[in-house]
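Participant: Just a sequence and a predicted model for now, questions to come.
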Amino acid sequence: MAVHSLYAILTRINGTYRVGLIQSHEGYGGTQEQSGQEVYRFDPETGDIRVVIRGMVCPNGLAFPDESVLYVGDTAGTHPTETYWPERHHHILAHDLVDGQATNARLFVEVSPGFPDGFRVAVHGDVWTSSGSGVQVFAPDGTCLGEINVPEAIGNLTFGGQDGSTLFTAASTSLYRIELNVRGATA
């Protein structure tokens, strides 16, 4: 299977589950050979690549806490240009993972202001996501737990540092390091 515009990759710790997003608006030309904006699973043991999620407008961002749930952002509110259109998708969907397949798609959260360009899961299952006002934090049931205000829109974030309790964020023009009392999940 030929793919282009691979946008994001999420790898399980033991390396047997890899997920990638394909977006036709990213990259530098080429003829789109796939049917749309899709999420793929690659099995390195067999070399098999298969679609696990279809029908999203603009998949962007991947995370899973324990490989039973896959979170996928949809940021159609920023495409086809980088102008923000709040009437378009700016949410994170949750999908159950069963035997390598994504099932039971459901709205996890709407991110506002802004969109979930990048997000990660903390050790207790809370989702930490980028937004137009900083970092928003949601419980596994979608309840907003709070927000870390940052002076500019956050594009992406990750947990790091020696014990995984430092949040690194990439904003519009700056990088931020935020020390936390929580660690990021390792999956």
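Facilitator: Sure, I can see it.
Participant: counting contacts, what elements does whichever strand in the chain runs longest pack onto?
Facilitator: Scanning the chain for the longest strand, with DSSP state E as the assignment, gives strand 101-110. For strand 101-110, the elements it packs on are strand 48-53, strand 91-98, strand 127-130, strand 134-138, judged by 3 or more C-beta pairs under 8 Å, 6 or more residues apart in numbering; DSSP states H and E. Just so you know, the C-beta spots here come from the backbone N, C-alpha and C atoms, and that holds for glycine as well.
Participant: same thing but at 7 Å, please
Facilitator: strand 48-53, strand 91-98 (3 or more C-beta pairs under 7 Å, 6 or more residues apart in numbering; DSSP states H and E).
Participant: now the residue nearest to the spatial centre of the chain: how far from residue 95?
Facilitator: When C-alpha atoms, centre = their mean is applied to the chain, the residue found nearest the centroid is residue 61 (2.1 Å). Here residue 61 is placed at a distance of 13 Å from residue 95 (C-beta to C-beta, to the nearest Å).
Participant: Next secondary structure element downstream of the lowest-mean-pLDDT helix or strand in the chain?
Facilitator: The helix or strand of the chain with the lowest confidence, counting by mean pLDDT, DSSP states H and E, is strand 18-22 at a mean of 51. Remark: after strand 18-22, the chain's next helix or strand is strand 38-43, criterion DSSP states H and E.
Participant: quick check, distance from that following strand to the centre of its chain.
Facilitator: With C-alpha atoms, centre = their mean, to the nearest Å as the basis, strand 38-43 stands 14 Å off its chain's centre.
Participant: intersection of neighbour lists for residue 61 and residue 95?
Facilitator: residue 72 (C-beta atoms under 7 Å, 6 or more residues apart in numbering).
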